[in-house]
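# coordinates only, no sequence provided:
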């Protein structure tokens, strides 16, 4: 069969060499790559052909984007072809600004829009969390506020316009409320994970991979685009070794707007005289906490470069 005649499918689950494909009619089938190693991630669209009771992936189709993290030991791809990254945060326990910044940099590098969801706004600690998020509002990020446990209906009403017609990847550290949100949006999530786990014969390991769910409760767009949510763990450690320190400032919007005003073209924005970024910091146009994160990440990535 010629390549242009091969059917297309969406990758909705993946573990090791096997993936779950969803055909346009909604049927899901087990598949494996043509070669020895699978390069597919959830969100990929692929060309495939039947192979007995399974399918063989002939070729992946071009991606619009890929969200990934990389530490010294390995690279982890979250998902491909994402329209929105939704990061769930809270004040109890207090969210990590370092984790948040890493996710934002990775999304910026991949060209993915990010929205922040501040959960547990019914608790007293929300005031401090809101204060810590002000620099992110100032740089143009959308910050939504909700209380998933005490006001679930209001949360869904708030989120629906942002999710409509999009494939949204949800990230959130332990305790932020991500699982509560996923269960609220996709009541059948646990059952679907079990089904994929059984199909992939991967037991509990499926929980370490991204899962794709259609959101039947969110209206499709006029063009027929359905909403989907992707649940992914792995937010605790978010390495950025695939990014050079020299690119950091350009991937941080609050620093980026002050680039081009430095005396030296290769300014690191750390110690050189006549630096536009550090002048903006001194003038209060960049928050001190964000600049400290920039310095810490520069050191980390520079050290990684030396080891590499």
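Perfect, thanks for sending it. All values derive from a computational prediction rather than experimental measurement.
# would you mind measuring from residue 279 to residue 250?
Residue 279 sits 17 Å away from residue 250, going by C-beta to C-beta, to the nearest Å. C-beta: built from backbone N, CA, C; applies to glycine.
# cool, and residue 163?
Residue 163 sits 29 Å away from residue 250, taking C-beta to C-beta as the criterion.
# now the helices: where do they sit in the stretch 1-150 of the chain?
Applying DSSP state H, counting those that start in this stretch to the stretch 1-150 of the chain gives helices spanning 97-110, 126-132, 134-138.
# now swap in the stretch 201-308 of the chain and tell me
Going by DSSP H, counting those that start in this stretch, the stretch 201-308 of the chain shows helices at 253-256, 276-282, 288-307.
# just checking, what packs against the second one?
Using 3 or more C-beta pairs under 8 Å, 6 or more residues apart in numbering; DSSP states H and E as the contact criterion, the secondary-structure elements in contact with helix 276-282 are helix 288-307.
# so what touches the helix it packs on?
Here helix 288-307 makes contact (C-beta atoms under 8 Å, 6 or more residues apart in numbering) with 72, 97-98, 101-102, 105, 132, 135, 240-241, 243-245, 248-249, 252, 254-255, 268-270, 277, 281.
# buried members of those into PyMOL, please.
Of those, the buried ones go into a single PyMOL selection, burial set by 16 or more other C-beta atoms under 10 Å:
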select buried, resi 97+101+102+105+132+135+240+241+243+245+248+249+252+254+255+268+269+277+281
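# could you say which one of the helices of the stretch 201-308 of the chain comes nearest to residue 139?
Evaluated over the helices of the stretch 201-308 of the chain, closeness to residue 139 peaks at helix 253-256, with 4.4 Å, by C-beta to C-beta.
# mind checking the pLDDT average for the closest one?
For helix 253-256, mean pLDDT is 97.
# who's in contact with it?
Identification of contacts with helix 253-256 by C-beta under 8 Å, 6+ apart yields 108, 135, 138-140, 248-250, 269, 277, 285-287, 290-291, 294.
# before we move on, back to that, ok, residue 163 and residue 250, which is more surrounded?
residue 163 (23 against 13; other C-beta atoms under 10 Å).
# for the more buried one, what are its contacts?
Residue 163 is in contact with 84, 215, 218, 227, 229, counting by C-beta under 8 Å, 6+ apart.
# so the first one sits against residue 116, correct?
No - no contact is recorded between residue 84 and residue 116 when judged using C-beta atoms under 8 Å, the distance being 11.3 Å.
# burial count for the residue nearest to residue 42 when sequence neighbours are not counted?
Excluding the flanking residues, the one nearest residue 42 by C-beta to C-beta, 6 or more residues apart in numbering is residue 210, at 4.2 Å. By other C-beta under 10 Å, the residues close to residue 210 number 25.
# ok, now which ones touch residue 210?
By C-beta under 8 Å, 6+ apart, residue 210 lies in contact with 14, 41-43, 78-79, 169, 230-232.
# can we see that at 6 Å?
Contact analysis of residue 210 by C-beta atoms under 6 Å, 6 or more residues apart in numbering lists 42, 78-79, 230, 232.
# which one of the residues you listed is nearest to residue 24?
Among the contacts of residue 210, and counting by C-beta to C-beta, the member closest to residue 24 is residue 42, at 17.2 Å.
# does that closest one touch residue 11 like I think?
Yes - taking contacts as C-beta atoms under 6 Å, residue 42 lies within contact range of residue 11: 5.4 Å.
# quick one, what contacts residue 122?
147, 150.
# quick revisit: from the contacts of residue 210, which land in strands?
Those of those mapping onto strands are 78-79, 230, per DSSP state E.
# let me know the closest of these to residue 51.
Comparing the ones in strands among the contacts of residue 210 against residue 51 with C-beta to C-beta places residue 79 closest, at 25.2 Å.
# what does the pLDDT read for the closest one?
pLDDT, residue 79: 95.
# what's the burial count for the nearest residue to it once chain neighbours are set aside?
In this structure, residue 79 finds its nearest non-sequential neighbour in residue 43, 4.2 Å apart by C-beta to C-beta, 6+ apart. Neighbour count for residue 43, taken as other C-beta under 10 Å: 27.
# contacting residues for residue 43?
Residue 43 makes contact with 79-81 under the criterion C-beta under 6 Å, 6+ apart.
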